[in-house]
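Novice: return atomic coordinates for the entry below.
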Amino acid sequence: MGEQAAVDGAGPLAGAWRDLVATARRTAAEGLVVGTSGNVSVRCGDLVLVTPSGVPYEKLGPGDLVAVDLDGHQVEGALKPTSELPLHLAVHRGTSATAVVHTHAVHATAVSTLVPELPVIHYMAAALGGPVRVAPYALYGSDELAGNMLKALDGRSGCLLQNHGTVTYGTSLDQAYDRTAQLEWMCRLWLTASAVPGRTPSLLSAGQLAEVTGKLQGYGQPG
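Specialist: Residues are numbered from 1 along each chain as shown. Alright, predicted model coming up:
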């Protein structure tokens, strides 16, 4: 029934799929991925919709919906799920995530090769739960990578994957994407400041970051 709903453009799965594809296309349009790299997922009840493996986002249509259960068994669609399915399922099973965005953003990936944790160059680190950790390298698509990522995500809503990219999650696709964009921006900021000869960037203290964390709780519009 879910597949037919996707074809007809009706029902909750169809709507979620449209939003997922739009988010995936946005990662490409804004330079966070190249070609078919990166992937996006969104949870709908007991199902997880994911981008398929090796298919350019601009070619995805309503009839290309791909859904798996939380054990990774494909229940909707003919296309093969993303090779990073273990990573997405680990986040959906181990956190409060509704949506997950994984990219190969250039500046974030560069930072992942330099430090074990992104220095606290800006207060928006608080929006990700604190200093952003780097998960140790492991083969893409592997359970080892998913495990390393979960450790780096402990108490956080985003992390870097060493020599690989970024992972962020949220209660919506918009929130997960915004966290990805903020993370890439902070990485670019730190690399830019660090590149100035003879100068060392100032960083925020734990107390300053905690102060921001409290203030962010009232950020945005009520309701």
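Novice: hey, let's count contacts and neighbours off CA atoms from now on
Specialist: Noted.
Novice: count the residues that sit near residue 203.
Specialist: When neighbours are defined as other CA atoms under 10 Å, residue 203 has 13 of them.
Novice: contacts only, for it.
Specialist: 119-122 (CA atoms under 8 Å, 6 or more residues apart in numbering).
Novice: pLDDT, secondary structure and neighbour count for those - can I get that in JSON lines?
Specialist: Formatted as JSON lines, the contacts of residue 203 follow (pLDDT from 0 to 100; DSSP: H, G, I helix; E, B strand; the rest coil; neighbours: other CA atoms under 10 Å):
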{"residue": "119", "pLDDT": "98", "secondary structure": "coil", "neighbour count": "19"}
{"residue": "120", "pLDDT": "98", "secondary structure": "coil", "neighbour count": "22"}
{"residue": "121", "pLDDT": "98", "secondary structure": "coil", "neighbour count": "19"}
{"residue": "122", "pLDDT": "98", "secondary structure": "coil", "neighbour count": "17"}
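Novice: distance to residue 130 added to those, as CSV?
Specialist: Output for these, formatted as CSV (distance: CA to CA, whole Å):
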residue, distance to residue 130
119, 10
120, 8
121, 11
122, 11
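Novice: and which of those is nearest to residue 18?
Specialist: Nearest to residue 18 among the contacts of residue 203: residue 122, at 33.3 Å, using CA to CA.
Novice: dihedrals phi and psi, that closest one?
Specialist: Residue 122 adopts backbone torsions of phi -150, psi 150, taken as degrees, to the nearest 10.
Novice: isn't it right up against residue 188?
Specialist: No: taking contacts as CA atoms under 8 Å, residue 122 lies outside contact range of residue 188: 11.2 Å.
Novice: so where do the strands sit in this protein?
Specialist: In the chain, the segments counted as strands under DSSP state E are 39-44, 47-50, 67-69, 74-76, 99-103, 134-135, 158-161, 165-170.
Novice: elements contacting the last one?
Specialist: Taking 3 or more CA pairs under 8 Å, 6 or more residues apart in numbering; DSSP states H and E as the contact definition, the neighbouring helices and strands of strand 165-170 are strand 99-103, helix 106-112, strand 158-161, helix 173-194.
Novice: okay, these, which one's buried deepest?
Specialist: Of all the helices and strands packed on strand 165-170, strand 158-161 carries the top mean neighbour count, a mean of 31, counting by mean count of other CA atoms under 10 Å.
Novice: many thanks, have a good one.
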